[in-house]
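Colleague: Next comes the sequence, and after it the predicted model I'd like to discuss.
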Amino acid sequence: ASATDVLYVPVGSQPTISSADGGRFAVATAVATGIHPVALIRAEDVSVEIRGGGNMTRMVRNFGTVGAFDAMDSLIACEVITPGGNWSSYPAHKHDESVDDGEHRESELEEIYYYEIQDAPDGGPGFGFHQTTSSGESTPIDVLSEVRSGDTVLVPHGWHGPCAAAPGHDMYYLNVMAGPDPVRAWNITDHPEQTWVRGTWADAGIDPRLEGETR
C-alpha cells in the first residue's frame, strides 16, 4: 500500500474523524505545550527514504520525522516497510538517555512499534520478530517476541532491533517516539557489536523490490 494522508492537530483540539465509505486511522499523540497550526500532509508529499542494503534494505516514510515535519513539540513518527526475509532496525540502537558531550549525542525517547504483516497466499497470518535488550544493569529488559498484525511493542529503554520479517511476509510498522528533552531530536547510539553492518550496505546494493521508491 502507498503512504497515507496525515493530519497534525495542535494542543487543545478536539478533532472528529468520519468516513462515508470506511477507513483505517492511527492516532499518535505526545505531551506538548506549544501551539502549532493545523497541517495536512498529503500522501504524495510524504518523503520516502531507502535505508540499508541487501537483505537489510527497508523503506521509511518520513511524514513526521525531524527535518521532514518540524511544526510540533516532541512527537516523532514514521512508517517502515520491510520486505519479506529482510531485517530492519539493524544495527540495533538505543535512545534512552540524554547525552551531548561534544562528540556524541543521544536523545531520550520512548518508542512504540505497531505492526502489520502481510498474509500468506492462502490467507494464513504472517509473522516477524522484534527484539529489545538491556542497555544497562539499572534498566533490565529482554524481549524477543513473535509479532503479527495488530501487535504493538513498547520500547521504554534499551537496544531495540533487529526486527525480522519472515520470508514471504512483508512487514509494516508504525514508529511513534517522544521524550522529555527540550529539543526535539532523533540522536541514536548503535549497538557496538552491530554497527559494522552499516559498512556493508553500499556493496550489497538496494533490494530490487524497493528500487525506485525514493522521493
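Modeller: Nice, I can see it. Residues are numbered from 1 along each chain as shown.

Colleague: Need the pLDDT of the spatially most central residue of the chain.
Modeller: For the chain, Asn175 is the residue whose C-alpha lies nearest the centre (C-alpha atoms, centre = their mean; 3.3 Å). Looking at Asn175, its pLDDT is 98.

Colleague: Then Glu137?
Modeller: 93.

Colleague: Near it, how many residues? Count them for me, please.
Modeller: Neighbours of Glu137 under the rule other C-beta atoms under 10 Å: 6. Heads up, the C-betas are built off the backbone N, CA and C, glycines and all.

Colleague: Please, which helix or strand holds the residue nearest to the centre of the chain?
Modeller: strand 171-178 (DSSP states H and E).

Colleague: With Arg61 instead?
Modeller: Here Arg61 is assigned to strand 58-64, by DSSP H and E.

Colleague: residues contacting the residue nearest to the centre of the chain?
Modeller: Residues in contact with Asn175, defined by C-beta atoms under 8 Å, 6 or more residues apart in numbering, are Ile76, Ala77, Cys78, Glu79, Val80, Glu111, Ile112, Tyr113.

Colleague: How about the second one, nearest residue that isn't a chain neighbour?
Modeller: Right, the one you point to is Ala77. Distances taken as C-beta to C-beta, 6 or more residues apart in numbering place Gly64 nearest to Ala77, at 3.7 Å, with adjacent residues excluded.

Colleague: Enumerate residues external to the helix or strand just after the strand holding Asn175 that contact any of its residues.
Modeller: Scanning forward in sequence from strand 171-178 by DSSP H and E, the next helix or strand is strand 189-190. Identification of contacts with strand 189-190 by C-beta under 8 Å, 6+ apart yields Pro91, Ala92, His93, Lys94, His95, His104, Glu106, Arg198.

Colleague: Strand 189-190: what's the following helix or strand?
Modeller: Strand 189-190 is succeeded, C-terminally, by helix 201-204 (DSSP H and E).

Colleague: can you pull the buried residues of that next one?
Modeller: For helix 201-204, burial by neighbour count (16 or more other C-beta atoms under 10 Å) applies to Trp201.
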